[in-house]
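Undergrad: Return a 3D structure for these sequence lines:
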Amino acid sequence: MWITNKSGEFLVKSAYKFLKRRRAMLSSNQSVLSHDSSVWSKLWKVKTIPRHLHLIWRILHNRLPVKRLLFQRGVDCFPLCCFCDQHEETSDHLFMECDWSRSIWFASPLGICFDKSETEFNSSSRWVMRIILEENNEIIQLVFTLCYEIWRLRNMKCFEGKNEPNTMIVCKKACENVYFFNTPTELLMQC
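TA: Numbers count the residues shown, from 1 in each chain. As a prediction, this is how the structure comes out:
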């Protein structure tokens, strides 16, 4: 018996409509993007390290292997954030809500203070998408670099047991990377 058809009869047309609705529902839950070409064209033009772009792509598609998703998929892991040990590690928590990452954003030249009551910052993927669409290249590079540093340090803490460095060191390294991305090659050759 086919439940999507009133008569219970299987029809290719009803199966197609069912799959189309299901795909739309799944993609709306998994990604804030509806394949907005302006986001993608600007994203892939950002002058940065490819691994930064790959990380941002994963953030935008909610495909980052954070502990909560791994735990939900049956991976034997402790689902709490390795920095605070108080909340489940989600992308939103890791990049916006954890006190450690919030201190990095605030200490950065951007001086960002995520206020949990602001609806504009309710999702890391939505926030990153807004940065891509509205900010200049250097700010985008700094956001990408800081996201990458947070992710890299998270992995070092989770898998190697290393303690997180001082937030000022993280911010300094991110700023140096942005300077490197924007320095003409001839000047780098002289260093």
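Undergrad: How about residues contacting the helix or strand containing I169?
TA: When elements are assigned from DSSP states H and E, I169 belongs to helix 167-182. With contacts defined as CB atoms under 8 Å, 6 or more residues apart in numbering, helix 167-182 is touched by 47-49, 100, 103-104, 107-109, 137-138, 141-142, 145-146, 149-150, 153, 188. Every C-beta, even on glycine, is put in place using the N, C-alpha and C of the backbone.
Undergrad: go on, stretch 44-63?
TA: Contacts of stretch 44-63 (CB under 8 Å, 6+ apart): 30-33, 39, 43, 64, 91, 95, 124-125, 128-129, 132, 137, 140-141, 144-145, 147-148, 151, 177, 181-182.
Undergrad: Please indicate which of the residues you listed are buried?
TA: 32-33, 39, 43, 64, 91, 95, 124-125, 128-129, 132, 140-141, 144-145, 147-148, 151, 177, 181 (16 or more other CB atoms under 10 Å).
Undergrad: how is this structure carved up into domains?
TA: 1-30, 34-190 (automatic domain parsing).
Undergrad: can you list the weak-confidence ranges in this protein?
TA: Scanning the chain for pLDDT under 70 picks out 1-6, 8, 18, 21-36, 116-121, 184-191.
Undergrad: Where do the helices of it begin and end?
TA: Counting by DSSP state H, the chain has helices at residues 12-30, 37-45, 50-60, 67-72, 91-92, 99-107, 124-134, 137-160, 167-182, 185-190.
Undergrad: highest average neighbour count across those?
TA: Burial of the helices of the chain is given as mean neighbour count (mean count of other CB atoms under 10 Å); helix 91-92 ranks first at a mean of 23.
Undergrad: From the centroid of the chain, which residue is nearest?
TA: Geometric centre of the chain, nearest residue: I59, 2.6 Å, by CA atoms, centre = their mean.
Undergrad: And it, how far from F95?
TA: As judged by CB to CB, to the nearest Å, I59 and F95 stand 7 Å apart.
Undergrad: same check, this time on S108
TA: Distance from S108 to F95, by CB to CB: 13 Å.
Undergrad: cool, I140 as well?
TA: 15 Å.
Undergrad: can you pull the contacts of the residue lying closest to F83 once chain neighbours are set aside?
TA: Of all residues not flanking F83 in the chain, W100 sits nearest, at 4.1 Å (CB to CB, 6 or more residues apart in numbering). By CB under 8 Å, 6+ apart, the residues touching W100 are 83-84, 164, 167.
Undergrad: Likewise for N163?
TA: Neighbouring residues of N163 by CB under 8 Å, 6+ apart: K157.
Undergrad: list residues touching both of I59 and F95?
TA: What both I59 and F95 touch, as defined by CB under 8 Å, 6+ apart, is the set 124, 147.
Undergrad: And the residue nearest to the centre of the chain, how far from M129?
TA: 9 Å.
Undergrad: F71 and R130, how far apart?
TA: From F71 over to R130 (counting by CB to CB), the distance is 29 Å.
Undergrad: whoops, I mixed them up, E160
TA: 33 Å.
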